[in-house]
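> Sequence plus the predicted model coming up.
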Amino acid sequence: MKSNDWPEIGDYVVCNVTNVTDFGAYVELEEYKNKEGFIHISEIKAGWVKYVRDYIREGQKAVCKVLNIDKTRGHIDLSLKDVNEHQKRTKIQLWKNEQKAEKWLQIAAETVGFTEADIESLYHEFTAEFGSAYSAFEEAAIAGKTAFENMSVNPKMTEAIINVARENIKDAFVEIAGYIDLTTNAPDGIEQIREALKAAVTAVDEKDVRVEVTYVGSPRYRIKVVAPEYKKAEAVLKKASAASIKSITDNGGGGIFNRHIEAKA
């Protein structure tokens, strides 16, 4: 969704070329409402340019760098030559991610009954809080409800966003699992095991990590960790399993961690 704000000098912006002249090209800024810019012929490419249309044409998408902004005149000077291939690819990917986030918001909103105005308002709230709406979905995918604990998001919308995020954002995170065997002969053994499993989850307080514990079959439980990178996921798995085993052994029970479970012959 387009912003009502202005870009900053030095920003990279995605543009739609609307008019090419002998002395440059006029463009519309895709991420900003009613904002137009101009690429002077001297900013098309390094060196001498004879025909602007040899390098840029109407209807083309281009990534430009913001050189100067005159808000009183509504004028933005842009450069095409100051953007290298890496910067271009990175900006295009970020722009495409925001388009995905906008689409996901609309999908989530359908289950809640949000209006277009509600969607736009939430989109800009996410941008302000997380830096981008796509980042908000990344946080939702891995941290669940806690991602929005500092915001006043409708609970039903929160649930819908989490579901959409976890369905669509998978490759951005690493998922690993391990197994713990918990045993106890105590009269309140069920409660002790429940507390031991809870300890595995509460031992981790990092927002970008998700820990889930599921029952496999007595006395075995599976701990799944979802994190941004493998090294962090391994560290969290180790911490969670250690907390669970400590909880049960402190009460006279026993606990064993297995990173992998061998298949039965």
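It's in.
> Okay, now the unreliable bits of the stretch 151-265 of the chain?
170-172, 260-265 (pLDDT under 70).
> Can you show me the strands along it?
Along the stretch 151-265 of the chain, the segments classed as strands by DSSP state E, counting those that start in this stretch run 174-183, 210-217, 220-227, 254-258.
> Same list (those strands) but as TSV, adding mean neighbour count.
Bear in mind the C-beta positions are built from the backbone N, C-alpha and C, glycine included. Compiled in TSV, the strands of the stretch 151-265 of the chain are given as follows (neighbours: other Cβ atoms under 10 Å):
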stretch	mean neighbour count
strand 174-183	17
strand 210-217	14
strand 220-227	20
strand 254-258	15
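> Reformat the ones you listed as JSON lines; add distance to residue 140.
Supplementary listing: the strands of the stretch 151-265 of the chain in JSON lines, determined by distance: least, Cβ to Cβ, whole Å:
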{"stretch": "strand 174-183", "distance to residue 140": "16"}
{"stretch": "strand 210-217", "distance to residue 140": "10"}
{"stretch": "strand 220-227", "distance to residue 140": "12"}
{"stretch": "strand 254-258", "distance to residue 140": "30"}
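> List just the one of the ones you listed that sits closest to residue 60.
Nearest to residue 60 among the strands of the stretch 151-265 of the chain is strand 174-183 (37.8 Å), distances taken as Cβ to Cβ.
> quick one: contacts of the closest one?
If you take Cβ atoms under 8 Å, 6 or more residues apart in numbering as the criterion, strand 174-183 is touched by 193, 196-197, 200, 216, 219-230, 232-234, 237, 241, 244-245, 248, 253-261.
> So what's the gap between it and the chain middle?
Between the centre of strand 174-183 and the centre of its chain there are 26 Å (Cα atoms, centre = their mean, to the nearest Å).
> so what strands line up beside it?
Paired with strand 174-183 in the same sheet, following DSSP bridges, are strand 220-227 (antiparallel), strand 254-258 (antiparallel).
> what's the closest non-adjacent residue to residue 227?
residue 233 (3.8 Å; Cβ to Cβ, 6 or more residues apart in numbering).
> Next one: the one you found from residue 202, what distance?
Residue 233 sits 18 Å away from residue 202, going by Cβ to Cβ, to the nearest Å.
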